[in-house]
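1. Build me a structure from this.
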Amino acid sequence: MSIERLNLYFDNYFPLDSSERDVLPTLFVERKIKRRQFILQQGAICKHFTFVVSGCLRMFAIDDNGKEHNIQFIAENDWAMDLSSFYSEKSSKLYIEAIEPCIVLQIKHDDVLYLYTHFHKFDHNFRVIIEQKFIALQERVLQNISSSA
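-> Modelled structure (predicted):
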């Protein structure tokens, strides 16, 4: 059932053919995440793109004074990842934590690259996903710098 949600998600962009749909269950792993469980912690390398089937995650950082700063909330039908850590394969500066029980689908770095090279539609789909994440980040930054205290 979770893979079907992912198929429907991709259908909003560049719909998948049968061979592309067939490869998804072989590369994505379903996980159940408990409330307050981390899927990424500062200092670890982000090894997965995570699609939220149900529930909600939050991405945050902790400053030098120990204060938490929410970067993003990731709800159903959205993606969670630290792009910088994922692509550079370097330690993350972020945490990703479940704020309620979640069901997620995760795909490893090497498997994303496999999809890019063997099924070009995924290259297009993930490019759109990353572009949307970048736009949302820009809007959040602009909102933060233009809002009054």
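2. Going along the chain, name the helices of this protein.
-> Applying DSSP state H to the chain gives helices spanning 2-11, 18-27, 83-88, 109-118, 120-146.
3. and the residue nearest the centre of the chain, what is it in contact with?
-> Geometric centre of the chain, nearest residue: Ala80, 2.1 Å, by CA atoms, centre = their mean. The contact partners of Ala80, taken as CB atoms under 8 Å, 6 or more residues apart in numbering, are 39-40, 50, 52, 57, 59, 72, 74, 96, 104. Bear in mind the C-beta positions are built from the backbone N, C-alpha and C, glycine included.
4. right, and the pair among those with maximum separation?
-> Farthest pair in the contacts of Ala80 (CB to CB) is Gln72 and Val104. Separation: 15.0 Å.
5. Backbone dihedrals for Pro15, please?
-> Pro15 adopts backbone torsions of phi -50, psi 140, taken as degrees, to the nearest 10.
6. what's the pLDDT at it?
-> For Pro15, the model assigns a pLDDT of 91.
7. quick one: it and Tyr9, what's the gap?
-> Applying CB to CB, to the nearest Å, the value for Pro15 to Tyr9 is 11 Å.
8. Equivalent analysis for Phe49, please.
-> 12 Å.
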